[in-house]
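Q: Coordinates for the following, if possible.
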Amino acid sequence: MKLVALEGMGPIYLLDRHPVFPAPTQANEEGLLAMGGDLSVDRLLEAYRHGIFPWYEAGEPILWWSPDPRAILETAELRISRSLRAVLRRGDFDVRYDTAFDQVIHACATTARRDQEGSWISTEVRAAYTALHDLGVCHSVEIWHGDELVGGLYGVCLGSCFFGESMFSRQSNASKVALVGLARRLTALGIGLIDCQIVSEHLLSLGAKNVPRSEFLRRLDEAVRHPASRGSWAGYSGELRAQADG
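A: Here you go, the predicted structure:
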């Protein structure tokens, strides 16, 4: 690992074959910390333990980020609007966990989004997070309308922190319902912190907020000290109507 100056990026660390990273506080003003390396299980787990995540264009070198401020969502502060409560009470959707991970990550990669062309979730990325899923640390939340998968999300769970990676929606409110389902599962596990990485209007409407990176890293250091809860969530059955009345 060495520090070099790249045009348009300023000083940046170039990673080598060893799964180690510089301190997250060394990231530049945009939150970019390092470039290169790979998406091996060991490197990804090391990254998440230190508040670092990959995000880059397919076919380009891997970029590693640790932005300041950091977007988080406290499960206890999830904001469920009156209209969303009505959706949950109607019972139009079912929530399942880890029963269709491949479908969820594929949908996150291919579902069209406003003001966004293409997706960073390449074949390489899908393979890497599938490996984490097989290890029992990457999970999917799936929202079903009958036999149709209409929304969902996936992310990494370490200690008492869940790192959200991507979500999709094919029906109105489906991604919001997925977040409700995630919060319910995490609450059952005693996990209160969701890393949202970068804030968006959608996440703000659901109770997400920005905190200084220093605060996030402090909380993360505490969270990853908790015993890891590895294994499939597929045996868990969530009840969305109960969340509507919570």
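Q: Please list all residues in contact with the residue most central in space within the chain.
A: The geometric centre of the chain, computed from its C-alpha atoms, lies nearest to Gly164 (CA atoms, centre = their mean), at 1.3 Å. Each residue near Gly164 by CB atoms under 8 Å, 6 or more residues apart in numbering is listed here: Leu153, Gly155, Leu182, Ile194, Asp195, Cys196, Gln197. All C-beta spots, glycine's among them, are computed from the backbone N, C-alpha and C.
Q: What distance do you get for the closest residue to Ser175 other than its chain neighbours to Ala112?
A: Using CB to CB, 6 or more residues apart in numbering and skipping residues adjacent in sequence, the residue nearest Ser175 is Ser169, 3.8 Å away. Ser169 is 11 Å from Ala112, where distance means CB to CB, to the nearest Å.
Q: With neighbour numbers in mind, choose between those two.
A: The neighbour comparison of Ser169 against Ala112 (other CB atoms under 10 Å) goes to Ser169, with 20 against 9.
Q: Might one say that Ser205 is in contact with Ile80?
A: No: with contact defined as CB atoms under 8 Å, Ser205 does not count as touching Ile80 (10.6 Å).
Q: now stretch 209-227: mean pLDDT?
A: Averaging pLDDT along stretch 209-227 yields 96.
Q: Stretch 175-182 now?
A: Per-residue pLDDT values over stretch 175-182 give a mean of 96.
Q: still on that earlier bit, dump the residue contacts of the residue nearest to Ser175.
A: Neighbour list for Ser169: Thr111, Val150, Gly151, Ser175, Lys176, Ala178 [criterion: CB under 8 Å, 6+ apart].
Q: so how many other residues sit close to the last one?
A: A total of 25 residues lie near Ala178 under the criterion other CB under 10 Å.
Q: just to revisit the earlier point, the more surrounded of Ser205 and Ile80?
A: Residue environment comparison for Ser205 versus Ile80 gives the larger neighbour count to Ile80, 19 against 12, counting by other CB under 10 Å.
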